[in-house]
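Student: Structural data only, the sequence is not supplied:
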């Protein structure tokens, strides 16, 4: 990872993206914003960001599906769903498919920065951190849990809670 964490914004609202990019830049992070899911896919592959803020409703993609794919491809990637869909079931779905957090628009700018800072701190934790207990291994970097040789499927929130308790 670079000295400055890179945050990728994937949102079709160019004005909002510019405002968020300015806010995050003031926090000391590098920011790259794109307007479509396709451009997000390319930026993710080319730039390897530390965290992504994907909108759920994009003109060419389903943000939930992107989140699911990106979590599977890069388990240590910070993902904060960022959307106008603030219904509790939408938030639950976002967290269950692998988002680290879910922030509804309109949002408080300082809250976004604080949530993202927490995720970036976790992403920058030393690699190879595996917590071991009798019959249980928690890999905090790869975000995997194994009971014996079997993988345990957990939502993002369940993983965070287990890692915190461990």
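Tutor: Yes, it's here. The structure displayed is predicted, hence computed values, not measured ones.
Student: Off-centre distance for the top helix by length along the chain?
Tutor: Once the chain is assigned using DSSP state H, the helix that runs over the most residues is helix 109-123. Between the centre of helix 109-123 and the centre of its host chain there is 10 Å, according to C-alpha atoms, centre = their mean, to the nearest Å.
Student: Quick one: neighbours of residue 151, just the number.
Tutor: Look at residue 151: counted by other C-beta atoms under 10 Å, it has 9 neighbours. Glycine gets a C-beta too; all of them are placed from N, C-alpha and C.
Student: Next, work out how far apart it and residue 138 are.
Tutor: 12 Å (C-beta to C-beta, to the nearest Å).
Student: so what sits against both of the two?
Tutor: 144, 145 (C-beta atoms under 8 Å, 6 or more residues apart in numbering).
Student: residues in contact with stretch 3-23?
Tutor: 24, 28-37, 39-40, 43-44, 47-55, 57-59, 63, 66, 82, 105, 109, 112-113, 116, 120, 123-124.
Student: Now that stretch: buried residues?
Tutor: 5-13, 16-17, 20-21, 23 (16 or more other C-beta atoms under 10 Å).
Student: Below-threshold pLDDT in the protein: ranges please.
Tutor: When residues are selected by pLDDT under 70, those of the chain lie in 1-2, 123-128.
Student: Now, the contacts of stretch 3-23 that are in strands?
Tutor: Secondary-structure check on the contacts of stretch 3-23 using DSSP state E: residues within strands are 30, 31, 32, 33, 34, 51, 52, 53, 54, 82.
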